[in-house]
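A.B. asks: Generate coordinates for the sequence data below:
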Amino acid sequence: MNTQQFIKKLDAYERLMRLDKPIGILLLLWPTLWALWIACRGKPDWIVVLIFVTGTALMRSAGCVMNDIADRKYDGLVERTKNRPLATGEVSVKEAYLLAAGLSLLAFCLVLLFNKTTVLLSFAALFLAASYPFTKRFFAIPQAYLGIAFGFGIPMAFAAVNDYIPPIAWILLLANVFWAIAYDTEYAMVDRDDDLKIGIKSSAIFFGKFDVIAVMLCYALMLSLLAYIGQSLGYSQYYYFGLLLALGLVVVQYQTIKNRLKQNCFKAFLHNNWIGLSIFAGLVVEYYFKYSS
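C.D. replies: Sure thing, here's the model as predicted:
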């Protein structure tokens, strides 16, 4: 393999892991950071933060590879995914399996730095990541399963910091499930026509003409649960200002997707990064003023 072929192969691996599209990493990362800040009461060990950020990037990359392995016979039939490396043959199935295994192993090595509870939870996280692609074959709302998979860094963060998982962690995970249904329905609205043709299930298909209402309802449930968490933990106006900012962004989301234009639905999906950031910023400011006063 010459230098040019090597570079071309690396580019294919990068696209297979979606490193050229970091939105997925961010959507996994924000809930994990919410959990770390709550579990550490706003004073996280920066080594722990670095480990979780790195582990999130590794597992999201592994999840993308696993997803494309499972969907390799379908991706070529969908306009948005027809140029993915497995669909085009740039990467072989064997290479993809080895890559997914290598990424998962690296992530597991990081988890070994934590306690037994966190290590055990990592096996559940791997199972969720590997099994999610197959839920699109039989589960009417696979986005709900995705929300659990994308949010499993939440109980792992609490376990890593405190060696136990308080009830608030599961409420936070449920909030993330509603958030994932909301943003991934927006994403699924882009592919709805293709998914119907090839028999893939999605929340966009399940909700049908009520898709926009369902997305807004899921956002409302997410923000309500986060408000409940704030009340339970005695947060002040700084945290709620972050939620209010997120609510404003949700209103913008409605304006973006209400006409169901594909390019607008995809744009709305991408903008969920700012919703996650707003909530995280509220937590950071909340704890900053709590301990600086």
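
A.B. asks: Run through who's touching stretch 74-90.
C.D. replies: Under the contact criterion CB atoms under 8 Å, 6 or more residues apart in numbering, stretch 74-90 has outside partners 8-9, 12-13, 15-16, 68-69, 71-72, 91, 93, 96, 190-191, 194-195, 197-198, 200. C-beta coordinates here come from the backbone N, C-alpha and C atoms, glycine included.

A.B. asks: Go through the residues you listed and flag which are in helices.
C.D. replies: Judged by DSSP state H, these include 8-9, 12-13, 15-16, 68-69, 72, 93, 96, 190-191, 194-195, 197-198 as members of helices.

A.B. asks: just the buried members of the residues you listed?
C.D. replies: The neighbour-count test (16 or more other CB atoms under 10 Å) applied to the ones in helices among the contacts of stretch 74-90 identifies 12, 13, 15, 16, 68, 69, 72, 96, 190, 191, 194, 195 as buried.

A.B. asks: how about CSV for the residues you listed, with distance to residue 274 and pLDDT added?
C.D. replies: Rendered in CSV, the data for those read as follows (distance: CB to CB, whole Å; pLDDT from 0 to 100):
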residue, distance to residue 274, pLDDT
12, 30, 90
13, 29, 91
15, 25, 91
16, 27, 91
68, 27, 88
69, 31, 90
72, 33, 84
96, 32, 93
190, 19, 92
191, 23, 88
194, 28, 85
195, 27, 85
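
A.B. asks: Quick check: the two most widely separated of these?
C.D. replies: When these are compared pair by pair using CB to CB, the farthest-apart members prove to be 13 and 195, with a separation of 26.6 Å.

A.B. asks: ok, so of the buried ones among the ones in helices among the contacts of stretch 74-90, who is nearest residue 281?
C.D. replies: Lowest distance from residue 281 to those (CB to CB) belongs to residue 190, with 28.3 Å.

A.B. asks: Return the distance of that closest one relative to residue 269.
C.D. replies: Distance check for residue 190 against residue 269: by CB to CB, to the nearest Å, it reads 8 Å.

A.B. asks: do residue 174 as well
C.D. replies: Taking CB to CB, one finds residue 174 at 21 Å from residue 269.

A.B. asks: Of these two, give the one with the bigger neighbour count.
C.D. replies: residue 269 (23 against 17; other CB atoms under 10 Å).

A.B. asks: residues contacting the more buried one?
C.D. replies: Under the contact definition (CB under 8 Å, 6+ apart), the residues listed for residue 269 are 23, 183, 184, 186, 187, 190.

A.B. asks: can you do 6 Å?
C.D. replies: For residue 269, the contacting residues are 183, 186, 187, by CB atoms under 6 Å, 6 or more residues apart in numbering.

A.B. asks: looking at it, the first one is touching residue 273, isn't it?
C.D. replies: No. In this structure, residue 183 sits apart from residue 273 without contact. The criterion is CB atoms under 6 Å, and the distance is 9.4 Å.

A.B. asks: Report the buried residues of stretch 48-68.
C.D. replies: Buried residues in stretch 48-68 (16+ other CB under 10 Å): 48-49, 51-52, 55-68.

A.B. asks: whoops, stretch 189-208 was the one
C.D. replies: Applying 16+ other CB under 10 Å to stretch 189-208 flags 189-192, 194-195, 200-207 as buried.

A.B. asks: for the chain, what are the low-confidence residue spans?
C.D. replies: 1, 292-293 (pLDDT under 70).

A.B. asks: Can you work out which other helices and strands pack against the one helix or strand residue 154 maps to?
C.D. replies: Counting by DSSP states H and E, the element that carries residue 154 is helix 153-162. Applying 3 or more CB pairs under 6 Å, 6 or more residues apart in numbering; DSSP states H and E, one finds that helix 153-162 makes contact with helix 23-39, helix 116-135, helix 167-198.

A.B. asks: export those helices to CSV and tack on distance to residue 263?
C.D. replies: Compiled in CSV, those are given as follows (distance: least, CB to CB, whole Å):
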stretch, distance to residue 263
helix 23-39, 15
helix 116-135, 25
helix 167-198, 8
